[in-house]
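> below are the sequence and a predicted model for it; my questions follow.
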Amino acid sequence: MVATAAAAHKPQQQQTRVLIVGNYCHDVLIQDDTVKAESLGGAASFISNVVNGMSIPCNLVSKVGEDFKYPVDYTPIVIPTSKTTVFHAYFDLGILENGHQDRVLKRVCACDPIRPSDLPDVRSNFGMAVGVGGEILPETLERMIEICDAVFVDIQALIRVFDSVDGTVKLVKLEETEFYSMLPRIGVLKASSEEAVFMDVEEVRKWCCVVVTTGKDGCKVYWKDGELRISPFSANQEDPTGAGDSFLGGFVAGLVQGLAVPDAALLGNLFGSLTVEQIGLPKFDSRLLQRVKDEVQRRKMQCLHCERSDNELDFLKPVGHEQFHASLGSAKLIPPCSSQARPWTPSNSPKETEQTPIPHYTAQAKLLVNSVYEEPIQTVEGKP
Ligand SMILES: Nc1ncnc2c1ncn2[C@@H]1O[C@H](COP(=O)(O)OP(=O)(O)O)[C@@H](O)[C@H]1O
Ligand SMILES: O=P([O-])([O-])O[C@@H]1[C@@H](O)[C@H](O)[C@@H](O)[C@H](O)[C@@H]1O
């Protein structure tokens, strides 16, 4: 499953649509001093779960130790001198006023960072910088910006710091990090509402699109000239782990397939809501996935006839957005498939070699970096 030579594990040297960069990890969910579950974790695993579920080929760069214990489709780089990143998530603090279950995260083991030389030499349309344990270095993000048409960043990859004694995750202000000056060159910055207070959204939205996820309330998209709230899907929450990651997977899956930003954000909300209903890495029912793919195709055909006279329209809700929300919501209600149809798992996901025709993806990636933020950006002293 895993091997030791990093060079041998560079993703295939061919143009790829989605490049996911972030370490896999071992997640341990703890409540009342008892281990409730152990699972494959890391934003990369949740995101590839969604992207593959939508039949979109991708590449993934991740590092683990020889102790890595889960089967995965994208062979990680094994570092013999390091252990796999481990997070302990404590759920003892109850439910907050806003209904969001609080969680204290501790990084109890950290694998090596991902370096520019670990990345593939070929271009990708969409790059996703989705570290969880500090593995995305400034130079790694720089390289991703060079080799990807548009880069999507989870703010948790940029602002997490770890207590030197027990590894408790703390957050620092985005503007105090080395990543801040790179904002004008990234496409989308995603943050949860808890993380969003560590940046000045009004400032950051001048440089890139900002998406703030708001748990059961869905999400909000900010760009330099406007903002939109995107409706949620109802869910019976079992475990909030990975909701933000799955959101990002769904959002990018929508954009890759040519959906406008608000419709793609709906797909993000859908996968976020599906994820909180299961403990750990979710298994998506194959009938549900097929229905979602059909709805996305239908939506694409509908939108081909929509007027798009300038770039602004790609951020505004296209006609039929509410109907698309309703269709995705009804897809959630279909009963799970019978036992002979296997639910989707990483081992029956499509490989990079399976070609799904996906129009528009390059245009969407370029829109996010080149058109919406086309004015030259002034830089002063390490700030955008
Ligand atoms: N209880 C919930 N009900 C429905 N959807 C949810 C729920 N919690 C999360 N989601 C979906 O998952 C997304 C990410 O969740 P959020 O809690 O904001 O992020 P994070 O997991 O990073 O803290 C939300 O934008 C929403 O679409
Ligand atoms: O719940 P979420 O914030 O979207 O993402 C989570 C990370 O915050 C956590 O560090 C990791 O261990 C989980 O596997 C998951 O990736």
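Done, it's in. Ligands and ions are numbered 1, 2, ... in the order given.
> now do the SS call for Leu40.
strand (DSSP: H, G, I helix; E, B strand; the rest coil).
> number of nearby residues for it?
Burial measure for Leu40: 21 neighbouring residues, criterion other CB atoms under 10 Å. In this view, the C-beta of every residue, glycine as well, is placed from N, C-alpha and C.
> repeat for Val319
Close neighbours of Val319, defined as other CB under 10 Å, add up to 11.
> so what's the residue in the chain that ligand 2 sits nearest to bridging to?
Among residues of the chain, the one nearest ligand 2 by CB to the nearest ligand atom turns out to be Gly41. It sits 2.6 Å away. For Gly41, the residues forming beta bridges with it (DSSP bridges) are Cys25.
> and the helix or strand encompassing Phe87, what does it pack against?
Assigned by DSSP states H and E, Phe87 belongs to strand 85-90. If contacts are counted by 3 or more CB pairs under 8 Å, 6 or more residues apart in numbering; DSSP states H and E, strand 85-90 sits against strand 25-31, strand 104-109.
> what about the residue of the chain closest to ligand 2, how many neighbours?
Gly41 has 27 neighbouring residues, counting by other CB under 10 Å.
> again with Pro71
11.
> distance check, it against Lys190.
Between Pro71 and Lys190 the distance, using CB to CB, to the nearest Å, works out to 28 Å.
> now the residue minimising distance to the centre of the chain. Nearest residue, chain neighbours left out?
Centre of the chain computed as the mean C-alpha position; nearest residue by CA atoms, centre = their mean is Leu248, 3.2 Å away. Nearest residue to Leu248, sequence neighbours excluded (CB to CB, 6 or more residues apart in numbering): Lys190, at 5.4 Å.
> ok, what's across the strand from that neighbour?
Beta-bridge partners of Lys190, as defined by DSSP bridges: Asp154, Val211.
> what's the pLDDT at the residue of the chain closest to ligand 2?
Per-residue confidence (pLDDT) for Gly41: 98.
> repeat for Asp166
Model confidence at Asp166, expressed as pLDDT, equals 96.
> also the one 10 residues further on?
We note a pLDDT of 98 for Glu176 in this prediction.
> count of residues packed around it?
Neighbouring residues of Glu176 were enumerated by other CB under 10 Å; the total is 10.
> which is the next helix or strand following the one helix or strand the residue nearest to the centre of the chain maps to?
Of the helices and strands defined by DSSP H and E, Leu248 is found in helix 243-256. If you walk from helix 243-256 toward the C-terminus, the next helix or strand you reach (DSSP H and E) is helix 261-276.
> after that following helix, next one along is what?
Elements were assigned by DSSP H and E; along the chain past helix 261-276, the next helix or strand is helix 286-304.
> show me what that following helix is packed against.
helix 261-276, helix 321-333.
> and the residue nearest to the centre of the chain, how far from Ser234?
As defined by CB to CB, Leu248 lies at a distance of 21 Å from Ser234.
> what do you get for Val165?
As it turns out, when the distance is counted by CB to CB, Val165 lies 41 Å from Ser234.
> ok, Leu19 next?
Counting by CB to CB, the gap from Leu19 to Ser234 is 33 Å.
> looking at those two, which has the bigger crowd around it?
Neighbours were tallied for Leu19 and for Ser234 using other CB under 10 Å; the higher tally belongs to Leu19 (24 against 8).
> the more buried one belongs to a helix, doesn't it?
No: assessed with three-state DSSP, Leu19 is strand; it does not lie in a helix.
> for it, give me the pLDDT.
Here, the pLDDT recorded for Leu19 equals 97.
> for the remainder of this discussion, apply numbering that starts at 4.
Yes, from this point I'll number from 4; that puts the last item at Leu22.
> quick one: contacts for it?
Leu22 makes contact with 14, 61-64, 122-123, 127, 129-131, 147, 150-151, according to CB atoms under 8 Å, 6 or more residues apart in numbering.
> so of these, which ones are in helices?
Secondary structure assignment (DSSP state H) places Met147, Ile150 from those within helices.
> the strand holding Phe90 close to ligand 1?
No: taking CB under 6 Å from any ligand atom as the criterion, strand 88-93 and ligand 1 are apart, separated by no less than 11.1 Å.
> which residues are contacting that strand?
Strand 88-93 is contacted from outside by 26-34, 44-45, 67, 106-114, 135-136, 138, 244, using CB under 8 Å, 6+ apart.
> pull out the buried residues from the residues you listed.
With neighbours counted by 16 or more other CB atoms under 10 Å, those contain buried members at 26-33, 44-45, 67, 106, 108-114, 135-136, 138, 244.
> what lines up beside the strand holding Phe90 in the sheet?
With DSSP bridges as the test, strand 88-93 is paired with strand 28-34 (parallel), strand 107-112 (antiparallel).
> which of the helices or strands spans Val54?
helix 46-56.
> residues contacting that helix, please?
For helix 46-56, contacts defined as CB under 8 Å, 6+ apart pick out 21, 23-27, 61, 63, 65, 75-77, 131, 133-135, 157, 159-160, 245, 247-249, 251-253, 255-256, 274, 278, 284-285, 287, 292, 347, 349, 352-353.
> surely Glu298 touches Gly332?
No: Glu298 is beyond contact range of Gly332, at 10.1 Å (criterion: CB atoms under 8 Å).
> near ligand 1, which residues of the stretch 104-253 of the chain?
Residues of the stretch 104-253 of the chain found near ligand 1, taking CB under 6 Å from any ligand atom as the criterion, are 195, 216-219, 221-222, 235-236, 238, 240, 243, 246-247, 250.
> out of the residues you listed, who's near ligand 2?
Ala246, Gly247.
> what residues does the chain have near ligand 2?
Among all residues of the chain, those adjacent to ligand 2 (criterion: CB under 6 Å from any ligand atom) are 28, 30, 44-46, 49, 90, 108, 135, 159, 244-248.
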